[in-house]
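S.K.: I would like to see how this sequence folds:
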Amino acid sequence: MIPDPHQPDRPMFAECLDWVLNSQREEGFWGEFDGYGVPTIDCLPATLACMVALKRWNVGAKSIDKGMAFIHANAEKLLEEKYNPCPRWFAIVFPAMVELAGSVGLEIILSDGLKATVAKIFNQRLQILNTEELVDKYHYPPLISYLEALPSWYDISREDIVKHLSDDGSIFQSPSATAHAFMVSGKEECVAYLQSLLQRCPAGVPPIYPMDEELVKLSMVNQLQRLGLAQQFVEEIDEILSVVHRSYMNRERGARQINFVPAQLYKDSLAFRLLRMHGHSVSPWSFCWFLHQEDIKDHIKNNSEHLSSVLLNVYRATDLMFSGEYELEEARSFSRNLLEKSISLRHIHDNLVVFPQFRRMIEQELSLPWTARLDHLDHRKWIEVNEIDTLWMGKASFYRLSCLHEDDLIRLATENYKFRQSIYNKELVEVTRWSKDLGLSNMGFGREKTTYCYFASAAASSSQLPHHSEVRLVVAKVAILITVADDFFDMQGSLDELESLTEAVRRWDGRGLTGHSEVIFKALDNLVNDIAGKYIHQQGGECDIAKILHDMWYEAFSSWLTEAKWSKSGYIPSTEEYLRTGMISIAAHTVALQGSCFLNPSLPIYKLTPAQYEPVTKLLMVITRLLNDIQSYQKEQADGKTNLVLLHQKENPETDIEDSISYVRGILDEKKKELLEHVLSDGLSDLPKSCKHIHLSCMKVFQMFFNSRNEFDSNTSEMLEDIKQAIYIPLEFQTSKTKEGFPKVNAILGPTFKNQTIRSFTAHSIPLPMPRVGYGKMFMPLKFKTCFI
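M.R.: Residues are numbered from 1 along each chain as shown. Here you go, the predicted structure:
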């Protein structure tokens with residue numbers, strides 16, 4: 001809208017007008033679709049603004065006609081059916097665009113019913129303008145950031161505008177407000193800001209500028225991880241996070257301007273989670289700084305619905321809590337309470353309506369802990385959402401951070417998921433045949449959990465393992481054998497049979513065994529020989545681990561025998577005695593350690609011996625036992641067995657069963673924090689990072705099976721559906737609703753210097769090790785939702 005000072009009949013920024021001419025949707029509007037392909041509410045003021053710009057410069061008559069037709073056909077439906085009451089930003093902007101359209105001769109014809117609705121919106125604006133300060137701590141974004149939409153009768157002086165100019169010449173980094181500030185004040189700093197913006201974003205204007213480039217990079221890393229594509233960009237992700245970590249280590253603490261707090265908190269909480277997950281040492285105070293500033297907490301509370309994505313990021317960051325990090329506990333409680341409030345309101349914030357997937361994302365995060373979700377299924381859910389990292393930071397609704405080739409990225413993630421499914425399907429067939437051939441799947445007693453065991457092995461480790469990995473098969477087979485043998489000791493074998501089988505395992509000699517004992521030992525011998533043989537081959541003919549594996553399995557069988565003797569004799573062990581045996585009998589370490597032998601780098605073989613178990617291994621053993629005991633105490637009580645919940649109640653007769661569950665859960669929560677610290681921190685263990693992450697994956701599997709009930713012993717429809725989604729049901733690629741025409745931000749994912757080549761997502765093409773997918777290399781420049789006013 002700013003005229004060229006040398007040619008007043010032409011716009012100063014003609015390229016922006018060209019963008020308006022070229023970016024109208026086929027349906028006649030400018031703006032976004034929601035998650036269902038329906039135009040969002042922001043298309044109304046956006047379309048009015050674009051039509052006004054075309055009318056102002058006397059171009060695009062056909063585009064104006066199409067836009068007007070869209071407004072007349074859809075305004076009533078959008079305003080009355082989907083957005084009642086309307087959000088604050090809309091109550092400020094929409095009336096201004098209606099008035100502006102009328103001032104240039106664009107008449108909006110309203111039905112009688114719509115007139116009443118629009119009148120309410122105008123009254124809402126009047127209330128806002130009469131009660132809010134230009135800048136205060138109670139509203140975000142501040143009123144002055146809507147400068148271009150404030151009516152002519154609103155009392156704001158040139159001095160007020162100049163006083164609120166930032167050092168870069170902008171009004172709260174809003175291009176549209178800054179453009180209006182220039183037309184009112186004539187300040188050269190404003191036009192310099194706008195010229196800088198157009199040089200950087202020549203094809204269109206983002207709603208906020210400058211964008212924090214570190215945040216853009218972090219968001220891209222987050223996006224790749226959540227789509228399941230991080231393995232294709234390992235070096236680039238490591239380089240970005242190393243740079244961000246150095247930046248955070250050198251950052252000085254200082255006062256934060258309250259109206260920029262949300263942007264900083266979003267970035268800091270995202271950085272904390274990504275850095276900690278990748279093994280960088282980072283303090284919780286890197287994002288928990290807001291907890292000790294009451295004015296900032298009040299600001300967040302007062303704007304919690306608008307800042308729902310910030311609060312979700314804070315909540316997700318607290319998933320990675322170590323022992324003693326009480327500030328993270330406080331941040332988790334603070335963010336959870338406000339998120340629960342947001343999704344429970346009768347008239348929820350527009351962001352949760354416009355993007356219903358985002359609402360469901362919040363609900364899932366609050367209802368199902370991260371430790372109970374498996375990576376592979378998380379990737380599928382994120383691909384299906386296909387909203388690409390929604391951010392709250394625009395003045396109107398969300399503005400979305402993604403990449404110019406969004407459809408290519410989603411297509412790649414879809415094909416990657418389907419490729420993994422094809423591998424998992426074949427491996428499940430192999431594991432099922434193995435179990436059947438060895439007689440494990442038709443023992444006639446206990447649980448037949450071949451599919452469960454393979455599903456857990458595959459779905460929990462998809463972020464850590466390459467497409468083709470021996471680890472999944474080893475883990476699944478070990479878990480199947482443990483399930484069958486444990487059931488034999490629990491419900492089928494006589495004491496004599498159990499003692500004979502355990503002794504046979506000690507000697508590693510199955511002669512004299514019959515029936516089920518013989519089947520179990522032969523399957524065990526087959527499995528151990530297979531693992532040891534493949535390990536020798538992997539290590540180039542050295543390092544026979546058969547004897548070490550014999551000892552590990554004897555440890556498990558001995559613990560099962562001990563528990564069987566307790567059960568058959570009615571003996572009640574002490575808590576200490578029970579845990580000493582129970583953490584072995586759960587056999588989670590038996591799974592994790594044998595799987596770790598086939599990682600790269602692999603587990604040092606001396607770590608397979610009980611005396612050399614790392615603290616992270618012992619923590620896994622305790623955690624999985626406690627998870628099992630909390631959900632299985634009723635079944636075990638009925639079977640005449642004991643567990644930690646029942647032992648605590650027996651030793652504390654004044655307590656009820658819920659008190660005992662709470663006591664065990666308290667221990668469990670603390671141990672999980674300790675395990676996370678050992679997995680995600682350097683210096684606490686000399687295990688390779690990949691081995692530590694297998695421990696984490698194993699813990700997540702148990703958390704998934706025993707989160708709210710004993711899912712492993714059941715065949716619930718939810719579990720069966722998850723298995724189908726993970727292995728069988730194809731994931732279909734769906735193109736995003738957004739189309740070309742968004743501005744490209746140059747050199748945003750990596751620094752570029754003259755005469756120097758820098759590895760970055762924009763400057764470097766990444767070869768993908770997936771020839772069947774149909775992609776060779778991919779470039780990923782960014783795009784932003786356009787600022788329309």
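
S.K.: Which residues outside stretch 591-604 are in contact with it?
M.R.: With C-beta atoms under 8 Å, 6 or more residues apart in numbering as the contact definition, stretch 591-604 has outside contacts at 457, 469-471, 474-475, 478-479, 482, 531, 534-535, 538, 545, 549, 552, 605, 607-608, 617, 620, 687-688, 690-691, 694-695, 698. The C-beta positions use only the backbone N, C-alpha and C, and glycine is treated the same way.

S.K.: buried residues in that stretch?
M.R.: 591-599, 602-603 (16 or more other C-beta atoms under 10 Å).

S.K.: swap in stretch 196-214?
M.R.: Within stretch 196-214, the residues scored as buried using 16+ other C-beta under 10 Å are 197-198, 200-201, 203-209, 211, 214.

S.K.: ok, so of those, who is nearest residue 65?
M.R.: residue 204 (22.8 Å; C-beta to C-beta).

S.K.: gap between the two ends of stretch 96-113?
M.R.: Length of stretch 96-113, first residue to last, C-alpha to C-alpha, to the nearest Å: 20 Å.

S.K.: now swap in stretch 244-261 and tell me
M.R.: End-to-end for stretch 244-261, by C-alpha to C-alpha: 19 Å.

S.K.: if we can go back for a sec, mind putting the buried residues of stretch 591-604 into CSV with pLDDT?
M.R.: Shown next, in CSV, are these (pLDDT from 0 to 100):
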residue, pLDDT
591, 97
592, 97
593, 96
594, 96
595, 96
596, 95
597, 94
598, 94
599, 93
602, 88
603, 89
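
S.K.: Between these, which sits nearest residue 361?
M.R.: Nearest member of those to residue 361, counting by C-beta to C-beta, is residue 592, at 30.1 Å.

S.K.: Now name the helix or strand holding the closest one.
M.R.: Counting by DSSP states H and E, the element that carries residue 592 is helix 588-596.

S.K.: where are the low-confidence patches of the stretch 351-500 of the chain?
M.R.: 351-356, 386-406 (pLDDT under 70).

S.K.: run the last query once more with 90
M.R.: Scanning the stretch 351-500 of the chain for pLDDT under 90 picks out 351-362, 383-410, 444-448, 461-468, 491.

S.K.: okay, which residue is most central for the chain?
M.R.: residue 226 (5.7 Å; C-alpha atoms, centre = their mean).

S.K.: list the contacts for that one?
M.R.: Residue 226 neighbours (C-beta under 8 Å, 6+ apart): 378-379, 382.

S.K.: Please enumerate residues in contact with the helix or strand where residue 581 lies?
M.R.: For residue 581, the element it lies in under DSSP H and E is helix 575-585. The list of residues contacting helix 575-585 from outside it, by C-beta under 8 Å, 6+ apart, reads 486, 555-556, 558-560, 562-563, 573, 618, 621-622, 624-625, 629, 642-644, 647-648, 651.

S.K.: and what of stretch 534-551?
M.R.: 470, 505, 508, 528-529, 531-532, 594, 597-598, 602, 605, 608-610.

S.K.: let's see it at 10 Å
M.R.: With contacts defined as C-beta atoms under 10 Å, 6 or more residues apart in numbering, stretch 534-551 is touched by 470, 473-474, 478, 505-508, 524-525, 527-529, 531-533, 552, 590, 593-594, 597-598, 600, 602-603, 605-610.

S.K.: next one: that stretch to chain centre, how far?
M.R.: Stretch 534-551 has its C-alpha centroid displaced from the chain centroid by 38 Å (C-alpha atoms, centre = their mean, to the nearest Å).
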